[in-house]
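Q: Build me a model from this:
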Amino acid sequence: MKSVLITGANRSIGLEITKQLSAKGLFVYLGSRDLEKGEAVVRELNQNGYQNIKAIEIDVTNPDSIAEARNIVEKEQEKLDILVNNAGILGINPQPASDTSIKDIQHVFDTNFFGVISVTQAFLDLLKKSDSPRISNITSGLGSLTLHSDPTWKYYNFKTAGYGTSKAALNAYTIALAYELKDLPFKVNVIDPGYTATDFNAHNGPGTVESAASFIIKHTLTDDSAPTGQFYSNDIEDEIGISPW
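A: As a prediction, the model looks like this:
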């Protein structure tokens, strides 16, 4: 049975990914900063027929928390097949480039960028033990520099000094990581679930968590011939969904 760790999985898209992967027969570590909340979610999932799910405490901004989560996975599984770096924050709103404080921007980067790096590096040796390791970094269309430079893009006016730039940085890191691991069986990609109605954005997005999770899973449970180092977006209206960087 393949194992997967999903950070920020106790609600919204992360929770829906958990449900869908559980239904597909994977063992899912439901990552949550608050273990009690995570365990309550797992109990509810079990009552609704979802199995092979375990809550695991992981705060992506806390090195000790990451290390403890890694030790649990190693002890119980000896390896990890899939890492979905889903945890993310929006930060204050609005975020004008001219006067959003460094402190507020750093707060967003700590979770969305440095947190992803910390978790990835901590679990990389366990992923290398898998026959088909996958790393999916959950990004946003707001991290596309190309789209943000196009006045005709439908989200052109949504500029954020912290959130969007953190996702652009995440995209750049993913390219570097995918290149480093290209001669191994890794598939390392960034995936934008699209503008989805969740707690994250006060349920303003047009997309559903079901569609977002399905799109993420489609580009995570890939075969050996699939590409690596790609930027997929559920907001790109074509069959594959490749987004410009």
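Q: who touches the residue at minimal distance from the centre of the chain in this structure?
A: The residue lying closest to the centre of the chain (CA atoms, centre = their mean) is residue 86, at 2.5 Å. Residue 86 sits next to 6, 7, 8, 9, 13, 14, 17, 31, 138 when contact means CB atoms under 8 Å, 6 or more residues apart in numbering. Every residue, glycine included, has its C-beta placed from N, CA and C.
Q: Next secondary structure element downstream of the longest helix seen in the chain?
A: As assigned by DSSP state H, the longest helix anywhere in the chain is helix 163-180. Counting by DSSP states H and E, the element after helix 163-180 in chain order, helix or strand, is strand 187-192.
Q: Return the list of strands paired to that next one, each annotated with direction.
A: The strands beside strand 187-192 in its sheet (DSSP bridges) come out as strand 134-138 (parallel), strand 231-233 (parallel).
Q: Buried residues, the helix or strand following it. List them.
A: Downstream of strand 187-192, the first helix or strand assigned by DSSP H and E is helix 209-218. Within helix 209-218, the residues scored as buried using 16 or more other CB atoms under 10 Å are 209, 211, 212, 213, 215, 216, 217.
Q: which residue packs closest to the second one, ignoring adjacent ones?
A: Distances taken as CB to CB, 6 or more residues apart in numbering put residue 234 closest to residue 211, at 6.6 Å, once the chain neighbours are dropped.
Q: Between the strands paired with strand 187-192, which one is closest to residue 74.
A: Judged by CB to CB, the one of the strands paired with strand 187-192 that comes nearest to residue 74 is strand 134-138, at 17.0 Å.
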